[in-house]
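> Fold the following, please.
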Amino acid sequence: MINTKLSVAIHILTLIATNPHDRITSDFIAKSVNTNPVVIRRISGQLKQAGLISSQAGKPGFTLLKAPSQITILTVYQALQTNEDLFLIHQDPNPNCWIGKNIQSVLDTTYKQAQSALEKELAQQTLANIIEQLATH
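Below you'll find the predicted structure:
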């Protein structure tokens with residue numbers, strides 16, 4: 001399921017990308033996001049694991065490992081995903097009900113198509129696009 005982690009991750013990456021000469025810390029990012037630094041460190045850990053950012057022990061802050069134009073929003077989305085699908089289907093519907101025994105397969109097809117469409121759109125957007133749109137607001 002998508003939650004606010006994706007938008008927070010994009011926020012983190014945007015701050016790092018737009019301040020390339022500064023070591024942006026989790027405390028600084030947390031103030032911009034208006035959340036606890038622990039949340040930022042947790043999401044940053046996932047971004048590090050995906051090879052999008054780096055940090056050095058003993059040195060505060062993060063650096064971007066790829067150009068903003070090379071980071072798609074799909075890449076960020078995938079960095080945060082667990083094995084959970086975007087849409088979850090309720091478990092154990094009544095198999096004796098004609099809807100209950102068929103609802104999962106019907107919804108599965110619809111949900112996979114919707115997830116595919118979302119991923120296609122996210123693949124077309126980059127961090128550079130986000131930065132450009134922010135600059136015009």
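> Quick check: buried residues in the top helix by length along the chain?
Counting residues, the longest helix in the chain under DSSP state H turns out to be helix 103-124. By 16 or more other Cβ atoms under 10 Å, the buried positions in helix 103-124 come out as residue 122. To be clear about C-beta, it is placed using only N, CA and C from the backbone, and glycine gets the same treatment.
> Whichever helix or strand comes after that helix: which residues count as buried?
Per DSSP states H and E, the first helix or strand lying C-terminal to helix 103-124 is helix 127-135. Neighbour-count burial for helix 127-135, with 16+ other Cβ under 10 Å as criterion, is recorded at 127, 130-131.
> ok so, going back, centre of the chain to the longest helix of the chain, how far?
Put simply, helix 103-124 sits 17 Å off its chain's centre (Cα atoms, centre = their mean, to the nearest Å).
> now do stretch 59-75
In this view, stretch 59-75 has its centroid 12 Å away from the chain centroid, taken as Cα atoms, centre = their mean.
> end to end, how far does that stretch reach?
With Cα to Cα, to the nearest Å as the measure, stretch 59-75 spans 26 Å from end to end.
> so who does residue 73 touch?
6, 10, 122-123, 125-127, 130 (Cβ atoms under 8 Å, 6 or more residues apart in numbering).
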